[in-house]
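Visitor: need coordinates for the following:
(4 chains)
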Protein chains: 2
Amino acid sequence: MTIGELAKQSGINAKLIRHYESIGLIPKASRTESGYRSYKETDIQFLRFIKRARGLGFSLKETKKLVNLWRNKSRNSKDVKKLAQSHITELEQKINEMQEMLTNLKNLAKACNGDSRPHCPIIKNLESF
Amino acid sequence: MTIGELAKQSGINAKLIRHYESIGLIPKASRTESGYRSYKETDIQFLRFIKRARGLGFSLKETKKLVNLWRNKSRNSKDVKKLAQSHITELEQKINEMQEMLTNLKNLAKACNGDSRPHCPIIKNLESF
DNA sequence: ATCCACCTTCCAACTATTGGAAGGTCAAAT
DNA sequence: ATTTGACCTTCCAATAGTTGGAAGGTGGAT
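Guide: Below is the predicted model of the structure:
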């Protein structure tokens, strides 16, 4: 299976698969005589795992840890949960930050006439609040 | 006023001020004979404006546009509002994405025992859902 | 004269992904 | 047999934003 086929099957494009290999997130692929990367069926599952972890917002480092836990048949679910929990906290923080930005900005935008005159509460607010 | 003093007054550190200058977000500072950057009082206001725009989540490009609108005494508040509105939309999208991640992850974490056994719904979910 | 805190520039790291350039390979059609 | 197009290879760079260090110059006080 070529990298292009794997990309199609996994939903991660070839460029990114090579990149993931280069940073050690995935192991080095075996090669054909001519130097093409060669993959097995199980690699599809592997990359899909990564894609899903990324889809939950895990960083590449966290994803790497999750992969290791996945591989480790004698893992403690505690360790997985801990990882998830800390990511949950991060997400909550970021959401709260952005939510606050959003609220502020919405209030400002509501107060702005949005016409052809220069007066603007948004600018006023940025000038000094 | 040196860059260090400006940094203290504006809340943007010296390194970043130099960087903002290098990318053209702020104009090139005048220099003393020995080559030190030299700033005026009004530069504090300027940098604070930038800091606030960043605090609302505007990108550096958007911030640059806001600076231009601020400078432009014959601006249309419409243009400011448009900028704000598109940023609001971006924020809402990102918040929604992250909120969905958060909800999914919370459900998985709740279902995970978090003990010393390997069974884990989080891993199960990543394997295939 | 020396010392410390500050300033200068340049280069690199971080996170994650994408893009291009320059070149090799495979399979099918001519 | 050769050409074409789609694929593969590596390497280097850009995106966004900030931070870090190295190597060296300057200011002011002791």
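
Visitor: hmm, who's touching stretch A:115-129?
Guide: A:108-109, A:111-113, B:45, B:48-49, B:52-53, B:56, B:66, B:69-70, B:72-78, B:80-81, B:84 (C-beta atoms under 8 Å, 6 or more residues apart in numbering or on different chains). All C-beta spots, glycine's among them, are computed from the backbone N, C-alpha and C.

Visitor: next one: stretch A:98-107
Guide: Taking C-beta under 8 Å, 6+ apart as the rule, stretch A:98-107 contacts B:55-57, B:84, B:87-88, B:91-92, B:94-95, B:98.

Visitor: secondary structure element holding residue A:90?
Guide: helix A:77-111 (DSSP states H and E).

Visitor: list the buried ones in the next helix or strand after that helix?
Guide: Counting by DSSP H and E, the element after helix A:77-111 in chain order, helix or strand, is helix A:121-127. Using 16 or more other C-beta atoms under 10 Å in any protein chain shown as the burial criterion, the residues of helix A:121-127 that qualify are A:121-123, A:125-126.

Visitor: ok, now stretch A:20-31?
Guide: Buried-residue list, stretch A:20-31, by 16+ other C-beta under 10 Å: A:20, A:25-26, A:29.

Visitor: distance between it and the chain's centre?
Guide: Offset of stretch A:20-31 from its chain centre (C-alpha atoms, centre = their mean, to the nearest Å): 18 Å.

Visitor: same thing with stretch A:36-52?
Guide: Counting by C-alpha atoms, centre = their mean, stretch A:36-52 comes out at 17 Å from the chain centroid.

Visitor: go on, stretch A:31-48?
Guide: 23 Å.

Visitor: residues contacting it, please?
Guide: Against stretch A:31-48 from outside (C-beta under 8 Å, 6+ apart): A:1-3, A:5-6, A:9-12, A:17-18, A:21, A:26, A:29-30, A:67, B:127-128.

Visitor: near DNA strand C, which residues of chain A? Just list them.
Guide: By the rule C-beta under 7 Å from any atom of the strand, the part of chain A lying against DNA strand C is A:13, A:15-16, A:19, A:32-36, A:54, A:59-61.

Visitor: might you specify the subset of these located within helices?
Guide: In this view, the residues of chain A next to DNA strand C that belong to helices under DSSP state H are A:15-16, A:19, A:54, A:60-61.

Visitor: ok so, going back, give the rounded mean pLDDT of the helix holding residue A:90.
Guide: Averaged across helix A:77-111, the pLDDT comes to 96.

Visitor: buried sites along it?
Guide: Using 16+ other C-beta under 10 Å as the test for burial, helix A:77-111 gives A:77, A:79-81, A:83-84, A:87-88, A:90-91, A:95, A:98, A:101-102, A:104-105, A:108-109.

Visitor: just want the angle from that helix to helix B:77-111.
Guide: 160 degrees (axes from the mean of the first three to the mean of the last three C-alpha atoms, to 10 degrees).

Visitor: any residue of helix A:77-111 up close to DNA strand D?
Guide: No - using C-beta under 7 Å from any atom of the strand, helix A:77-111 never reaches DNA strand D; the gap is at least 12.8 Å.

Visitor: measure the residue located most distally from the centre of chain A to residue B:66 for me?
Guide: Largest separation from the mean C-alpha position in chain A: residue A:117, at 42.2 Å (C-alpha atoms, centre = their mean). Distance from residue A:117 to residue B:66, counting by C-beta to C-beta, to the nearest Å: 17 Å.
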